[in-house]
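>>> I need the structure of the sequence given here:
(2 chains)
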2 protein chains.
Amino acid sequence: MAKHCASVSPSSTPLLKDELDIVIPTIRNLDFLEMWRPFFQPYHLIIVQDGDPSKVIKVPEGFDYELYNRNDINKILGPKASCISFKDSACRCFGYMVSKKKYIYTIDDDCFVAKDPTGKEINALEQHIKNLLCPSTPFFFNTLYDPYRDGADFVRGYPFSLREGVPTAVSHGLWLNIPDYDAPTQLVKPLERNTRYVDAVMTIPKGTLFPMCGMNLAFDRELIGPAMYFGLMGDGQPIGRYDDMWAGWCIKVICDHLGLGVKTGLPYIWHSKASNPFVNLKKEYKGIYWQEELIPFFQSVALPKECTSVQKCYLELSKQVKAKLGKVDDYFNKLADAMITWIEAWDDLNPSTATAAKLPNGSSK
Amino acid sequence: MAKHCASVSPSSTPLLKDELDIVIPTIRNLDFLEMWRPFFQPYHLIIVQDGDPSKVIKVPEGFDYELYNRNDINKILGPKASCISFKDSACRCFGYMVSKKKYIYTIDDDCFVAKDPTGKEINALEQHIKNLLCPSTPFFFNTLYDPYRDGADFVRGYPFSLREGVPTAVSHGLWLNIPDYDAPTQLVKPLERNTRYVDAVMTIPKGTLFPMCGMNLAFDRELIGPAMYFGLMGDGQPIGRYDDMWAGWCIKVICDHLGLGVKTGLPYIWHSKASNPFVNLKKEYKGIYWQEELIPFFQSVALPKECTSVQKCYLELSKQVKAKLGKVDDYFNKLADAMITWIEAWDDLNPSTATAAKLPNGSSK
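Modelled structure (predicted):
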């Protein structure tokens, strides 16, 4: 019988109130927070302001937040700020790095509260926390989906030795209304809306890659934070809109290696508006081409057993990126270097968890 | 953009009317067919009567069917009838063998028509046919589930080269009301009912095993039929209730090897009554123990590239079962032999598809 997660039973105190930061990348006033007030106000926000640092971003009253613009990022990281993207929502990963909490929830500022089929407003954050606090089952598929949910369990034929599950590192939520399509699909199906509410949470099996979207995403910083790097995108880079995809491929192979779980499904948010498909096409077209080589690369990545920490895994991955993807485009050499810089910056800001982040030869690169 | 499956658009003729058989194993009068009449009557039924062959099974009027009891099976297969289980619903696989159709749907006689959340009766067979006629996507996970359904597609980051999908060999449907639990879970949670309608169909990723239940299952005989053997269960055997699980593990490794898809999710049927957990425990207990060794075995099975047909794959698998599971229990030596007998009997009854079913040494065993 699946053990249910006692720690997520209803209570008057918001779950993990002092253990979770909400990270929001933005270039505009955060009016969207008004709708989230009942769910987000108890939590601390980390706002990463993209673009012009002289612009003043208004945050609705009553929210507890810290805000970083580009000048702040440059001051805090010095030359290592080069690993943080500019003019792209990839900049959000700076927020993961400066957080001191165990859990992160990140959401885009065009995402609103969705309703379930009964018309009830969905507390997306609460569902993510449930997902993160319950184990994952990456080694065998359960046909009734998450066996730890109320009313569900492991079905006949599920090995008993696997029913404890493994710790969940990532919870990937979905979107009603505007689906997360690439530019070609947006162009071909401009009117398509996602109206199907699928009442399921599931573990993505070990060995299977998935397209991770950063719009509505939660994770355990302690378990996987140093791998949640959103890469070099936007200003001065040949590519955009692959920040979350890149992070998703990296975290998945590292979770698989370390025996951690990645869940997808509930909760839904309401994605309010489609971005411009012509602009997106310009950002994406190299990614659409490159991903045909990136996916086979990530599918065949093997991390040696000496990689016992996320940092070690990530540095090993950066080496393999340089060795195998550098020939696809010189961009991947730059990205591989930025992956190392990211880990160095992470460890500078998080010295207590900076275990074994040094390279074998003792140099920093 | 995902191509939708034109061939499954609504029409007044029942889908695949002359290309699909419904296989039902039973020991009782088939009154349950009354409820299925609107959906099943256009199709041909193959009824496999288990237990006492002198008993007369009543089939409601108006159904087109053939019925086989144990005497018929013995007459048709001769000594090879030894591979067909007796006093266990595993006998249903005889129906797969005598069918001459491209598709099979099999259902238990305690399964009734379920309703969707709007109260509409679910035509389970129609949904299975849709699942089988649309491709599968085993190589990469799509977070919006089946990309070929109306209102869905491949999400951003899904490689375009994988969007054609692969042919679907198996469609595994689910159950509302009584979930398919093992005896220990039945004993611990006697009152649990499955009330969650999850509106999703998904491909089980390549390399991932699942617990396949035979209660509500459809497949393409031409693509995977010879691997859909339900093993030696019931009378004279040390185990029961693992017939469909065994078939599920076998078909999954073979589908993975041959590049075929396996889907799970919709449609639901209404499973009316739980079987006796004490009786089940007696049937299952060796399976519960053995499966801890069977799963690692199936997870590590590698089929050589010479195995280019289902029959070749299956015979190779039987060799590996004997070599690696024979030491778990002598039962697996018997089962490995029965797997060979099954293929021989299949090829006898299906000579046109009996490609390369002979063993390399030319002998029959």
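
>>> so where do the strands sit in the stretch 51-200 of chain A?
A:64-68, A:103-107, A:111-112, A:168-177 (DSSP state E, counting those that start in this stretch).

>>> Let me have those strands in JSON lines, extended by mean pLDDT.
JSON lines is the format used below for the strands of the stretch 51-200 of chain A (pLDDT from 0 to 100):
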{"stretch": "strand A:64-68", "mean pLDDT": "98"}
{"stretch": "strand A:103-107", "mean pLDDT": "98"}
{"stretch": "strand A:111-112", "mean pLDDT": "98"}
{"stretch": "strand A:168-177", "mean pLDDT": "98"}
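
>>> Tabulate those in a markdown table, adding columns for distance to chain B and mean neighbour count.
From N, CA and C alone the C-beta is placed, and that goes for glycine too. Shown next, in a markdown table, are the strands of the stretch 51-200 of chain A (distance: least, Cβ to the nearest Cβ, whole Å; neighbours: other Cβ atoms under 10 Å in any protein chain shown):
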| stretch | distance to chain B | mean neighbour count |
| --- | --- | --- |
| strand A:64-68 | 27 | 15 |
| strand A:103-107 | 16 | 25 |
| strand A:111-112 | 15 | 20 |
| strand A:168-177 | 6 | 25 |
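
>>> Any chance of these in JSON lines with distance to A:E292 as columns?
Shown next, in JSON lines, are the strands of the stretch 51-200 of chain A (distance: least, Cβ to Cβ, whole Å):
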{"stretch": "strand A:64-68", "distance to A:E292": "36"}
{"stretch": "strand A:103-107", "distance to A:E292": "28"}
{"stretch": "strand A:111-112", "distance to A:E292": "29"}
{"stretch": "strand A:168-177", "distance to A:E292": "23"}
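
>>> Out of those strands, which gets nearest to B:A81?
strand A:168-177 (49.3 Å; Cβ to Cβ).

>>> Any idea how far that closest one is from the middle of the chain?
Its chain's C-alpha centre and that of strand A:168-177 lie 9 Å apart, by Cα atoms, centre = their mean, to the nearest Å.

>>> Packing partners of that strand?
helix A:124-133, strand A:216-220, helix A:221-224, helix A:243-258, strand A:261-271 (3 or more Cβ pairs under 8 Å, 6 or more residues apart in numbering or on different chains; DSSP states H and E).

>>> These: which one's closest to chain B?
helix A:243-258 (4.1 Å; Cβ to the nearest Cβ).

>>> That closest one to strand A:168-177, inter-axis angle?
Angle, helix A:243-258 to strand A:168-177, by axes from the mean of the first three to the mean of the last three Cα atoms, to 10 degrees: 150 degrees.

>>> Spatially, what comes nearest to A:Q186 if we skip its sequence neighbours?
Nearest residue to A:Q186, sequence neighbours excluded (Cβ to Cβ, 6 or more residues apart in numbering or on different chains): A:P277, at 3.8 Å.

>>> Quick one: name the residues of the stretch 251-365 of chain A near chain B.
Neighbours of chain B within the stretch 251-365 of chain A, by Cβ under 8 Å from any Cβ of the partner chain: A:T264, A:E284, A:I288, A:Q291, A:E292, A:I295.

>>> before we move on, which element is the fifth one in?
This means A:E292. Using DSSP states H and E, A:E292 maps to helix A:277-300.

>>> Show me what that helix is in contact with.
A:182-184, A:186-187, A:190, A:209, A:238-242, A:245, A:249-250, A:252-253, A:320-321, A:324-325, A:328-329, B:140, B:156-157, B:159-162 (Cβ atoms under 8 Å, 6 or more residues apart in numbering or on different chains).

>>> what's the answer for stretch A:240-250, then?
Outside stretch A:240-250, the residues that touch it by Cβ under 8 Å, 6+ apart are A:85, A:88-90, A:93, A:172, A:182, A:209-215, A:217, A:227-231, A:233-234, A:280, A:283-284, A:287, A:291, A:294-295, A:298, A:314, A:317, A:335, B:156-157.

>>> let's see it at 7 Å
A:85, A:88-90, A:209-214, A:227-231, A:233-234, A:280, A:283-284, A:287, A:294, A:298, A:317, B:156-157 (Cβ atoms under 7 Å, 6 or more residues apart in numbering or on different chains).

>>> In PDB, could you pull the C-alpha coordinates for it?
C-alpha atoms of stretch A:240-250 as PDB (Å, rounded to 0.1, in the frame of the first residue of the first chain):
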ATOM      1  CA  GLY A 240      16.400  32.200 -27.300                       C
ATOM      2  CA  ARG A 241      13.400  30.200 -25.900                       C
ATOM      3  CA  TYR A 242      15.600  27.200 -25.200                       C
ATOM      4  CA  ASP A 243      16.700  28.200 -21.700                       C
ATOM      5  CA  ASP A 244      14.200  26.000 -19.900                       C
ATOM      6  CA  MET A 245      14.600  23.200 -22.400                       C
ATOM      7  CA  TRP A 246      18.400  23.200 -21.800                       C
ATOM      8  CA  ALA A 247      17.900  23.100 -18.100                       C
ATOM      9  CA  GLY A 248      15.300  20.300 -18.500                       C
ATOM     10  CA  TRP A 249      17.600  18.100 -20.400                       C
ATOM     11  CA  CYS A 250      20.500  18.700 -17.900                       C
END
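
>>> Beta-bridge partners for A:T168, please?
Going by DSSP bridges, A:T168 is paired in beta bridges with A:G261.

>>> That one and A:I129 touch, don't they?
No - using Cβ atoms under 7 Å, A:T168 makes no contact with A:I129, being 10.5 Å away.

>>> how about the nearest residue to whichever residue of the stretch 201-350 of chain A sits closest to chain B, chain neighbours excluded?
Closest approach between the stretch 201-350 of chain A and chain B, counting by Cβ to the nearest Cβ: A:P211, at 3.2 Å. Nearest non-adjacent residue to A:P211, counting by Cβ to Cβ, 6+ apart: B:G157, 3.2 Å away.

>>> The one you found: neighbour count?
28 (other Cβ atoms under 10 Å in any protein chain shown).

>>> phi, psi of the residue lying farthest from the centre of chain A?
Ranked by distance from the centre of chain A (Cα atoms, centre = their mean), the top residue is A:R156, with 33.3 Å. Main-chain torsions, A:R156, degrees, to the nearest 10: phi -50, psi 130.

>>> Could you report the pLDDT at the residue in the stretch 1-150 of chain A that chain B sits nearest to?
Residue nearest to chain B within the stretch 1-150 of chain A: A:F141 (3.9 Å; Cβ to the nearest Cβ). Here, the pLDDT recorded for A:F141 equals 98.

>>> Now it. Nearest residue, chain neighbours left out?
B:F210 (3.9 Å).

>>> So that neighbour: helix, strand or coil?
Using DSSP: H, G, I helix; E, B strand; the rest coil, the secondary structure recorded for B:F210 is coil.

>>> Counting neighbours, what do you get for it?
Using other Cβ under 10 Å as the criterion, B:F210 is surrounded by 22 other residues.

>>> Next one: it relative to B:G265, how far apart?
11 Å (Cβ to Cβ, to the nearest Å).

>>> same check, this time on A:L209
20 Å.

>>> for A:R193, same thing?
Remark: distance between A:R193 and B:G265 (Cβ to Cβ) = 21 Å.

>>> Great, nothing more from me.
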